[in-house]
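Asker: coords please:
(chains A, B, C and D)
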2 protein chains.
Amino acid sequence: MPGTSPDYAARLREAGLRPTRQRVALARLLFEGGHRHVTAEGLHADVRATRLPVSLATVYNALNQFRDAGLLREVVVAPGRSYFDTNTGHHHHFFVEPDGELHDFASDKVTIAGLPAPPKGTRLARVDVIVRVRR
Amino acid sequence: MPGTSPDYAARLREAGLRPTRQRVALARLLFEGGHRHVTAEGLHADVRATRLPVSLATVYNALNQFRDAGLLREVVVAPGRSYFDTNTGHHHHFFVEPDGELHDFASDKVTIAGLPAPPKGTRLARVDVIVRVRR
DNA sequence: AAGTAGTTTAGAACAATTCTAAAATCTGCA
DNA sequence: TGCAGATTTTAGAATTGTTCTAAACTACTT
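Answerer: This next block holds a predicted model:
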């Protein structure tokens, strides 16, 4: 692929975030290759393996900022642990219990009919479908 | 209603749990009246208001045991906090952000079509639909 | 190159939950 | 009814995941 190495600095700047060394490193880990599901701890381990020292606090900060900027989506499936999904498009999840493995599935073939109207005074934000499966 | 006061002790015994004073008190709070959504902290506050001293650890123990026994269902909708639902039948949830309010809705009118098959080696356990709404 | 605002960091702090080991309570049985 | 033995409760410590603090550092502007 000619000249297609993604410019993470630019991508961060567009999102309103200064492209610091650690944010660029995290962005690279998150966005190169296919979609990923990460936890803060997991991403921290990954980035430290690249020999760039990044504190856990920075990983948390970055994940929250990336999510707020729309670069990531937070997925809540298990008590006491947050997952972040690099796939920000419409889709749903398989959650494999008790391992805690997450898999995306496309939502374009899924039809949900008969949902009640939102409680009054509220507007719909998103519909999450979590298909829980066991081994 | 003549003679219909529910026997929580019996209900607990059937579930394989010794009907201790604190479990009975918690069961009464949870199961009398309509369906409830509680957090450990919230239920703890409720039970202490009845003047029966029950430790927070016991509330956690009881909620986990009740869930394992099928008396409650755990609902994971927000990071860092577990809700327990006294409605154990098929239904789904509205979740009002950012308040953290939860509302049930019946699933019998909801149709979900086009779900992919579970990843191989797994069997379907449950499909959760969380309709996230905002004020 | 310097100033400044934004970022990173280690470590403390915090919140939710679980663990520990001792004291209290339930249950079956004599 | 009284006891023994198993289960439960409890206070407090421990653990886990996450956020905060305030000092050091770095990116951007001039």
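Asker: quick one: buried residues of stretch A:68-78?
Answerer: Residues A:Leu71, A:Leu72, A:Arg73, A:Val75, A:Val76, A:Val77, A:Ala78 are the ones in stretch A:68-78 that count as buried (16 or more other C-beta atoms under 10 Å in any protein chain shown). C-beta: built from backbone N, CA, C; applies to glycine.
Asker: What score does the residue lying closest to A:Ala106 once chain neighbours are set aside have for pLDDT?
Answerer: The spatially closest residue to A:Ala106, leaving aside those adjacent along the chain, is A:His91, at 5.6 Å (C-beta to C-beta, 6 or more residues apart in numbering or on different chains). Reading off the confidence values, A:His91 has pLDDT 95.
Asker: For B:Ile130, see how far away A:His91 is.
Answerer: According to C-beta to C-beta, to the nearest Å, A:His91 stands 14 Å off from B:Ile130.
Asker: next one: A:Ala62
Answerer: From A:Ala62 to B:Ile130 the distance is 26 Å (C-beta to C-beta).
Asker: can you give me how far the helix or strand where A:His103 lies is from the chain middle?
Answerer: Using DSSP states H and E, A:His103 falls within strand A:101-106. Offset of strand A:101-106 from its chain centre (C-alpha atoms, centre = their mean, to the nearest Å): 12 Å.
Asker: What residues does chain A have near DNA strand D?
Answerer: Chain A comes close to DNA strand D at residues A:9, A:13, A:18-21, A:39-41, A:56-57, A:60, A:64, A:80-82, as judged by C-beta under 7 Å from any atom of the strand.
Asker: Just the buried residues from the residues you listed, in PyMOL please.
Answerer: Filtering the residues of chain A next to DNA strand D down to the buried ones (16+ other C-beta under 10 Å) takes a single PyMOL command:
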select buried, chain A and resi 19+39+40+82
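Asker: Which ones, among the residues of chain A next to DNA strand D, also lie beside DNA strand C?
Answerer: A:Arg18, A:Thr20, A:Arg21, A:Leu56, A:Ala57, A:Gly80.
Asker: Tabulate those (JSON lines), appending secondary structure.
Answerer: JSON lines is the format used below for those (DSSP: H, G, I helix; E, B strand; the rest coil):
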{"residue": "A:Arg18", "secondary structure": "coil"}
{"residue": "A:Thr20", "secondary structure": "coil"}
{"residue": "A:Arg21", "secondary structure": "helix"}
{"residue": "A:Leu56", "secondary structure": "helix"}
{"residue": "A:Ala57", "secondary structure": "helix"}
{"residue": "A:Gly80", "secondary structure": "coil"}
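Asker: do you know how far A:Glu101 is from chain B?
Answerer: Taking C-beta to the nearest C-beta, to the nearest Å as the criterion, A:Glu101 is separated from chain B by 8 Å.
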